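Student: What would the 3D arrangement of this be:
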Amino acid sequence: MKKHIVYPLILALAAVALASCDDFLDKMPDSRAELDSEEKIVKMLVSAYPKNCYNMCAEFSSDNVDDYGSTKSHNQLQEELYNWQEVSAVETNENPNAVWSNAYVTIAAANQALSAIQDLGGANTPTLKAARGEALLCRAYGHWVLVNMFCMHYNTNHPEDLGVPYMDHAETELNPKYDRGTVADVYEKMIADIEEGIPLIDDAIYNIPKYHFNYKAACCFASRVYLFHEDWDNAIKYAGMALGSDPQSQLRDLAYLAGFPRNPLNDISKAYNSTSVKANYLIATGMSDAGAIFGSYGSVNRYTHGKSIATYETTETSATTMSPLGSKYGWKMRTWIYGSGRYILPRTPYVFEYTDPVQKIGYTHSLFVIASADEALLNRAEAYIMKKDYTSALADMNMWAKNQITASYYKELTEESINNWADKLAYDMTDKDPEKPDDLKNKNRTPKKELNPGFLVETGTQENMIHAILFMRRIEFMHMGMRWFDTRRYGITIYRRLIDQDENTLVKITDKMSDEGGNRDPRRCLQLPADVIAAGLTKNPR
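Tutor: Numbering: from 1, shown residues only. Coordinates of the predicted model:
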């Protein structure tokens, strides 16, 4: 039997990061893994999950944060992300370079496992079969992160949009050359990996399935990919496969979380990410300051989800006092909105790993829910709306709202109530002074955003239902980065404000749509790392 030897840092960082590192490749690492058994392959797949997460890059690029002034503490990375500048900040665990490199590290680990499985005779045992399924899902997820962070959003009207190199094999060349292909190419290959992988998944091979692409997590992720791909039928299908016959029983128990003591806030964040929570399908750990930024610590708070956004657009807005989306006093988790100008929901715990307990130095970590029952439900509801199956969409939306809103405030959602709710809301930022079109002072800001998607959304009920589902998603994924992808999918204009100063908007990101699909702001995706561009990969236009 052929031994399969893995050099994780060499193959993943040198080859996959697309840079030439001849001297580094000449050195043999002391620690090597020989993937010559089922057990070793399964353990290898632990490396196929992200350690450097996209969440903060996405959250600080979205409209979930505002600028509360230079007197507040912040760092250079946050400032550059907030202003959609090309990131020049020093290396951190959460900058675009780290996200890019780690995504390809995870992909390389998945490919090494797939290659080793082939060397062992293929997926000819239950364990190897399940490991192959997991590796395919990990490979698809790594590329999903890359294509949604570093490329324009999938749009059938723009088939030429640049993608990312899809690594579908273990790299063996010293200095391989790659082509970016297109976003459509990446989605086609992701979907192929997902479709092959899901039938192979077997939760029985894991000690803690929720740290792996178990069956429900894989189906939830598939529903997301198909939703982003505008394949509404498959989004519904896979969300249903994740949720099963009793979705209500799988949703997050917010009453349980609301019963935690307010201090320390970190305890509820940890409970939110617990493997014992039925709603959590897949959980990842990452080197991240998210727990400090969106937690009790408030170590950096210039760019944050503060009172202005909360009051006009999310959990504190008076707009939600209208039926059907509850009340600012009705949210079960409102108890956990934190003061000092920051209105946060406890979802990202602060965890510190000591590398030297004596010197008290180490790394900050956090936990992130990658796939959940709550997401699967909202994915399915949105897909139903796009198919104009409003009865099914309302059933899912009511299930979510009933779980989020205390019984005394909950009112059943209907087409009429949603239409009334949306019709009473002016579009965010539309009441403009023609002499100062970007002046945001004294404007009627609401949760309703003007939509400019690359697909058809009819005015009236369908558009109003989309406004409602986007509002729900914004609450559900607060501080987790998903809002950035929703603004990309629907071409929502984002304005940058200086909240505590008497200044106009400094910059905005907007799309101008047309019958041909429109022109999208190129800043809706991050620039590729400089060393990757220097190695020959085509940069994103600016």
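Student: Least confident secondary structure element in this protein?
Tutor: One helix or strand of the chain scores below all others by mean pLDDT, DSSP states H and E: helix 22-25, with a mean of 30.
Student: Below-threshold pLDDT in the stretch 1-150 of the chain: ranges please.
Tutor: 1-33, 89-90 (pLDDT under 70).
Student: which residues of it fall in helices?
Tutor: 8-9, 22-25, 38-44, 55-61, 76-82, 96-119, 126-150 (DSSP state H, counting those that start in this stretch).
Student: among these, which is nearest residue 243?
Tutor: helix 126-150 (18.0 Å; C-beta to C-beta). All C-beta spots, glycine's among them, are computed from the backbone N, C-alpha and C.
Student: what residues are up against the residue nearest the centre of the chain?
Tutor: Closest to where the C-alpha atoms of the chain average out (C-alpha atoms, centre = their mean) is residue 482, at 4.0 Å. Counting by C-beta atoms under 8 Å, 6 or more residues apart in numbering, residue 482 makes contact with 58, 473, 476.
Student: Might one say that the last one is in contact with residue 377?
Tutor: No - proximity of residue 476 to residue 377 does not meet the contact threshold set by C-beta atoms under 8 Å, at 9.2 Å.
Student: residues bridging contact with the two, i.e. touching both?
Tutor: residue 400.
Student: neighbour count winner among these two?
Tutor: residue 377 (29 against 20; other C-beta atoms under 10 Å).
Student: Could you measure from that one over to residue 244?
Tutor: 11 Å (C-beta to C-beta, to the nearest Å).
Student: for residue 542, same thing?
Tutor: In terms of C-beta to C-beta, residue 542 sits 45 Å off from residue 244.
Student: same deal with residue 422?
Tutor: For residue 422, the distance to residue 244 - C-beta to C-beta - is 31 Å.
Student: try residue 40
Tutor: The value you get for residue 40 to residue 244, if C-beta to C-beta is used, is 33 Å.
Student: try residue 64
Tutor: Residue 64 is 31 Å from residue 244, by C-beta to C-beta.
Student: the more surrounded of the two?
Tutor: residue 64 (26 against 13).
Student: Residue 374 is in contact with residue 253, isn't it?
Tutor: No - using C-beta under 8 Å, residue 374 makes no contact with residue 253, being 11.2 Å away.
Student: Those two: which has the busier surroundings?
Tutor: Between residue 374 and residue 253, residue 374 has the larger neighbour count (other C-beta under 10 Å), namely 26 against 15.
Student: tell me the phi and psi of that one?
Tutor: phi -60, psi -40 (degrees, to the nearest 10).
Student: now swap in residue 494 and tell me
Tutor: Dihedral angles for residue 494 - degrees, to the nearest 10 - are phi -120, psi 130.
Student: do you know how far it is from residue 284?
Tutor: Taken as C-beta to C-beta, the span from residue 494 to residue 284 is 26 Å.
Student: low-confidence ranges in the stretch 251-400 of the chain?
Tutor: 298-299, 318-324, 326, 339-340.
Student: what's the one helix or strand residue 462 maps to packed up against?
Tutor: Counting by DSSP states H and E, the element that carries residue 462 is helix 461-476. Packed against helix 461-476 by the contact rule (3 or more C-beta pairs under 8 Å, 6 or more residues apart in numbering; DSSP states H and E) you find helix 373-386, helix 390-404, helix 415-423, helix 482-489.
Student: Counting neighbours, what do you get for residue 207?
Tutor: 6.
Student: residues touching it, list them.
Tutor: So residue 207 contacts nothing (C-beta under 8 Å, 6+ apart).
Student: One more: residue 309?
Tutor: 63-66, 343.
Student: Secondary structure element holding it?
Tutor: Per DSSP H and E: helix 307-312 holds residue 309.
Student: buried residues in the helix or strand just after that helix?
Tutor: Downstream of helix 307-312, the first helix or strand assigned by DSSP H and E is strand 351-356. Residues residue 351 are the ones in strand 351-356 that count as buried (16 or more other C-beta atoms under 10 Å).
Student: Work out the sheet partners of strand 351-356 and label each with its direction, please.
Tutor: Note on strand 351-356: by DSSP bridges, its sheet partners are strand 361-372 (antiparallel).
Student: Report the angle between the partner strand and helix 373-386.
Tutor: 40 degrees (axes from the mean of the first three to the mean of the last three C-alpha atoms, to 10 degrees).
Student: So what touches strand 361-372?
Tutor: 53, 55, 93, 141, 216-217, 220-221, 224, 242, 252, 269-270, 272-273, 279-292, 347-356, 480.
Student: If I look at the residue nearest to the centre of the chain, what pLDDT would I see?
Tutor: For residue 482, the model assigns a pLDDT of 97.
Student: Report the separation between it and residue 473.
Tutor: In terms of C-beta to C-beta, residue 482 sits 7 Å off from residue 473.
Student: Residue 109 now?
Tutor: With distances taken as C-beta to C-beta, residue 109 is found 31 Å from residue 473.
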